[in-house]
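[1] quick one: sequence plus predicted model below, questions after.
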Amino acid sequence: MKRTIPQYTFYKKKYGDELLIDVVELNHIKSFLAKSSVHTLTYYDLTFITEGEGTFSIDSKSYKASPGDVFFSKPGEIRNWDIHNILNGQALIFEDEFLSSFFKDPLFVQHLSFFNLEKTSSKIHLAENLYTHILELLQNIKEEIDHFKQNDEHVLRALLYEILMLLNRIYLQNTEQEEESKKRHSLYLNRFIHLVDSTLKEHRSVQYYAEKLCITPNYLNELTNAAMQISSKQYIQNKVMEEAKKLLLYTDLSISEIAFELHYDTVSYFIRSFKKHQKKTPLAYRKEQKP
């Protein structure tokens, strides 16, 4: 028998008349996920964590979940959350039509930063005061729903709109901060590469380059590992070996002269370093590669 991922649809007649918005406690949702926590939805969901810590996965990304976190999912995305350790929270759910029909914009919801195709994350963490305010708005939505009458949806739309706009602003701010951080990382990395190219023969110490950049050696290592999957020390060593190979191939300098040119303390140390890196001695490399 083929296994399929359970899909949950919006219960439009839950309150009698059709209503395309709801706020549900996670404790209530857990009962539906007892057999399998993996599922998809046909509607939009904003999950607010209020108690417990666990993992929350949306499509291929897994996130740490704790109080103050908000998770966003679109229809069709595969969700999986730790129902045993995420103790409670609130899920604000709605159908696209609830807002798009009112704003006369069929893509209104998709244009929100956390629901569009270019979103970088399905999670944000909110400051305590904002989180408290949004939880109060969720409570207002629940109270409105309890007294809901047909054709009386404007207050609900206004409350939903306020929540979405507040979250959209924070999400965009976080995205801008991430982009600024990436630019700063890129600047440090470019300066490091330039410094290594220009002072390689005299300086091999990660500490030296970190001080020149006014950052810590650990941070410099984080940058090179993230960008090139090697440590700063390995990057420097690789560049030294590249320079050594150029001198071996394109000059007639002796091995001892090359060792001196590259500021090695001794010729034997240069030979050992080269052999460790290239699996052969400098002389063997020159004879093999030089025409």
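    Arrived safely. All values reported here derive from a predicted model rather than from experimental measurement. Residues are numbered from 1 along each chain as shown.
[2] CA atoms only: put the helix-or-strand element of the chain with minimal mean pLDDT into PDB for me.
    Least confident helix or strand of the chain, by mean pLDDT, DSSP states H and E, is helix 96-103 with a mean of 82. In PDB, the C-alpha atoms belonging to helix 96-103 read as follows (Å, rounded to 0.1, in the frame of the first residue of the first chain):
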ATOM      1  CA  ASP A  96      -6.200  33.400   0.100                       C
ATOM      2  CA  GLU A  97      -9.600  34.500  -1.000                       C
ATOM      3  CA  PHE A  98     -10.400  36.000   2.400                       C
ATOM      4  CA  LEU A  99      -8.000  39.000   1.600                       C
ATOM      5  CA  SER A 100      -7.500  38.900  -2.200                       C
ATOM      6  CA  SER A 101     -11.200  39.300  -3.000                       C
ATOM      7  CA  PHE A 102     -11.400  42.400  -0.700                       C
ATOM      8  CA  PHE A 103      -8.200  44.100  -2.000                       C
END
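[3] tell me where the protein has helices.
    26-30, 96-103, 128-146, 154-199, 206-213, 217-228, 232-250, 255-261, 267-278, 282-289 (DSSP state H).
[4] okay if I get those as TSV plus mean neighbour count?
    Every residue, glycine included, has its C-beta placed from N, CA and C. Output for the helices of the chain, formatted as TSV (neighbours: other CB atoms under 10 Å):
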stretch	mean neighbour count
helix 26-30	15
helix 96-103	16
helix 128-146	15
helix 154-199	14
helix 206-213	17
helix 217-228	16
helix 232-250	17
helix 255-261	17
helix 267-278	16
helix 282-289	14
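[5] looking at these, which is nearest to K14?
    helix 128-146 (9.0 Å; CB to CB).
[6] which outside residues touch that closest one?
    Contacts of helix 128-146 with the rest of the structure, by CB atoms under 8 Å, 6 or more residues apart in numbering, involve 15, 19, 21-23, 48, 50, 68, 90, 92, 126, 155-156, 159-160, 162-163, 166-167, 170.
[7] tell me what angle the least confident helix or strand of the chain forms with helix 154-199.
    On the basis of axes from the mean of the first three to the mean of the last three CA atoms, to 10 degrees, helix 96-103 is oriented at 100 degrees to helix 154-199.
[8] and A91, how far is that from I58?
    A91 is 13 Å from I58, where distance means CB to CB, to the nearest Å.
[9] with F274 instead?
    On the measure of CB to CB, F274 and I58 end up 49 Å apart.
[10] the helices of the chain: which one's closest to I83?
    Closest among the helices of the chain, once you apply CB to CB, is helix 26-30, at 4.8 Å.
[11] that closest one packs against which elements?
    With contacts defined as 3 or more CB pairs under 8 Å, 6 or more residues apart in numbering; DSSP states H and E, helix 26-30 has these neighbours: strand 86-94.
[12] may I see the buried residues of the strand it packs on?
    86-87, 89-94 (16 or more other CB atoms under 10 Å).
[13] that one pairs with which strands, parallel or anti?
    strand 21-25 (antiparallel), strand 44-52 (antiparallel) (DSSP bridges).
[14] switch those strands over to CSV; also include mean neighbour count, distance to D197 and mean pLDDT.
    As requested, those are exported to CSV (neighbours: other CB atoms under 10 Å; distance: least, CB to CB, whole Å; pLDDT from 0 to 100):
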stretch, mean neighbour count, distance to D197, mean pLDDT
strand 21-25, 19, 58, 95
strand 44-52, 21, 48, 97
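[15] who wins for proximity to L248 among the ones you listed?
    strand 44-52 (59.6 Å).
[16] who's in contact with the closest one?
    With CB under 8 Å, 6+ apart, strand 44-52 has contacts from 26, 56, 65-75, 79, 81, 85-96, 109, 115, 131, 134-135, 138, 163, 167.
[17] report the angle between that strand and helix 128-146.
    Using the same axes, to 10 degrees: strand 44-52 against helix 128-146 is 120 degrees.
[18] thinking again about what came up before, tell me the one among the buried residues of strand 86-94 nearest to S100.
    For the buried residues of strand 86-94, the nearest to S100 is F94 (10.5 Å; CB to CB).
[19] so who does that closest one touch?
    So F94 contacts 20-22, 43-44, 160 (CB under 8 Å, 6+ apart).
[20] ok, now with 6 Å
    By CB atoms under 6 Å, 6 or more residues apart in numbering, the contact list for F94 reads 20-21, 44.
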